[in-house]
Every structure is written in structure tokens, then in C-alpha cells.
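In: Predicted coordinates and the sequence they were generated for:
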Amino acid sequence: MRIARFTVILMLLGSIIGCSGIKVVTKTVSESGSWDFVRLVQFNDKHGQPQKLGFAHPQTITEEQMYDFLSSVRFTENSFFKWRYEKDLFIKDEKNKLVRPLVKAFSQANENQIISFAVTAKKKEWFLPQRRINTGYMFFEGGEFHLVMGNMNLELLEDQPPEGGDPRTKYMVGPYRLEPKEFQKAPGKVKKHPYWSENHNNWLITDWNAFQEAAAQKHKEEQAKKELEPKRSVTERLQELRDMLKDGLITKDEFEQKKKELLNEL
């Protein structure tokens, strides 16, 4: 398993060591299990000097901001010649794995380092649980946050490692496509651009400040709405506890404990 994991890590970082003389230098920020990691990646030339990428790193991001972003990423599947079944790319388990390491990675990255990640989770596909993997790059350029997927919702098989290569050189990732939402876009075609000579289905660019301002406003409105909601009386909450006890949802001891806590509020 260790050999297989090492092989996959090399593949995920890209097949860029060779005639170009480029060497991949990585720093692990977080690693859990066999397939989940967040790393800082730097591309050095044959003289050991880093490629000048000019990213807007480091960046100070809160865990809430990163969670909001991951929650916004949606994708569709090409089925019968149409894009269908839009849903979240990252489920709760994946977001919980990624948020803290990504925040840490962006705080440590320099202008020539890109963030590489891989995350797995069990997901239901056609009613059957399958282990799926998402991999890709993240970086800031100007005021925009870039997410570039290398593998998207790919079923993880022991004898078939995820596809490698630099995600920025890909245009399609399986039958899937990222779906830009408010303050998000896919890169268009740009002549002589090193990566944007074709349309990308795996690349999402987010106006970070506009996105975060909208997210913060949404949280503020949700909190205000919550505070305006009428609080249930102790009598109503006691009745709910009695119903739960009657239905067997809680034990007698649990009922007495909760009842005591409620009466203490009087």
C-alpha cells in the first residue's frame, strides 16, 4: 500500500520531471490515511530556482470562509448528451477534512507555491456506497481564487490509481463539469495563454472579496432571523420530552436529567 500511495502522489503532482528539467518540490501540510493530503508544491528549474508564478500568497483565510467556498462548488454529469444531476462536489466529510489544512496551507504558501490536495469520502452512487476521490490545485491570482480539478468524483479503486498530470493542462475530468455560481466563472479561451487555449470544464475562478462579502451578509441575515424566532416555553419543551419518552426515543434517566435542566431555567 505504501508503494501504491507513493506512486499516486507522484502522479498527482504531474508528469513534469523529465526533458523539461523541472523538479517538483513538495511540503506536506496535512496527511491522513492513504489518499487524503494537502501539500505546498513548487516547480524548480534545473538550477534549483523556483518558477516565478506570482501568486497572491500567503493569504489569511478563516475556516468559515473556506467552508463557505467549498460548500459553493457544484458540478454536473454528462448523461445522454446533457448536463444533469447538479449537486455539491464536496460533501460534509470532505469539507471537514479539508478546511483546516487548506487554511494553514494558504497562510504558509509563498508566491511560487501552489496548493495541491486530495480528499476521499464514501458517497452513494445509484444507491450503493462507493469511495470517491477529488484532487486538484488551488491558488490566488490577483483577487481571484482558482480551483482546478485533476480528478472529480472519481471512484477510488485499489488497482486503478487516480489520473495524474498537472490539472491546469486538462480540459475535461471524466463526465463531469464544474458549474459556476454567483461571483464565479470558468476561464474562457485566451490565445497564447499557457493553459486557456481551450474551454475548461474543471476550472473555477471566484471573485473572492465579492463572494465572501455576500457569504458574510447571508450569515448575518440568518443569525438575525434566528434571533427573531419565538423561543418555545419551558412547558412546550417539557411536553416534547414527554413525547420523546413515550415514543422510546430517550430513556427515563435521560428524561429526568433534561427535565431538571429545563426546570432550572425558571
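Out: Perfect, thanks for sending it. Residues are numbered from 1 along each chain as shown.
In: Specify the local secondary structure of Gln223.
Out: Assigned with DSSP: H, G, I helix; E, B strand; the rest coil, Gln223 falls in the helix class.
In: Contacts for the helix or strand where Trp83 lies, please.
Out: Per DSSP states H and E, Trp83 falls inside strand 82-88. Contacting residues not belonging to strand 82-88 are listed as Ser71, Val73, Arg74, Phe75, Thr76, Glu77, Asn78, Ser79, Arg177, Glu179 [Cβ atoms under 8 Å, 6 or more residues apart in numbering]. Every C-beta, even on glycine, is put in place using the N, C-alpha and C of the backbone.
In: in which helix or strand would I find the fourth one?
Out: Phe75 is part of strand 74-79 when elements are defined by DSSP H and E.
In: In the helix or strand harbouring Ala105, which of the residues would be classed as buried?
Out: For Ala105, the element it lies in under DSSP H and E is helix 92-108. Buried residues in helix 92-108, counted by 16 or more other Cβ atoms under 10 Å: Glu94, Lys95, Lys97, Leu98, Val99, Pro101, Leu102, Val103, Lys104, Ala105, Phe106.
In: Run through this structure and note the low-pLDDT ranges.
Out: Along the chain, the parts satisfying pLDDT under 70 run over 1-20, 126, 229.
In: mind listing the helices for it?
Out: 2-13, 63-72, 92-108, 208-228, 234-246, 252-263 (DSSP state H).
In: Tell me the buried residues in the fifth one?
Out: Neighbour counts over helix 234-246 (16+ other Cβ under 10 Å) mark Arg237, Leu238, Leu241, Leu245 as buried.
In: and if you look at the fourth one?
Out: Of the residues in helix 208-228, those scored as buried under the neighbour-count criterion (16+ other Cβ under 10 Å) are Trp208, Phe211, Gln212, Ala215.
In: what does stretch 39-56 give?
Out: Using 16+ other Cβ under 10 Å as the test for burial, stretch 39-56 gives Arg39, Leu40, Val41, Gln42, Phe43, Phe55, Ala56.
In: Kindly reformat the residues you listed as CSV containing distance to Met152.
Out: What follows is the buried residues of stretch 39-56, written out as CSV (distance: Cβ to Cβ, whole Å):
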residue, distance to Met152
Arg39, 19
Leu40, 22
Val41, 19
Gln42, 25
Phe43, 23
Phe55, 23
Ala56, 25
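In: Please flag which of those residues sit within strands.
Out: Arg39, Leu40, Val41, Gln42, Phe43 (DSSP state E).
In: List the residues that contact the fourth one.
Out: To tie it back to what came earlier, the one meant is Gln42. Applying Cβ under 8 Å, 6+ apart to Gln42 gives the contacts Val24, Val25, Thr26, Pro50, Gln51, Asn112, Gln113, Ile114.
In: Could you find the closest non-adjacent residue to it?
Out: Distance criterion Cβ to Cβ, 6 or more residues apart in numbering; nearest residue to Gln42, sequence neighbours excluded, is Val25 at 4.5 Å.
In: what's the spacing between the one you found and Leu40?
Out: Noted for Val25: a distance of 9 Å to Leu40, by Cβ to Cβ, to the nearest Å.
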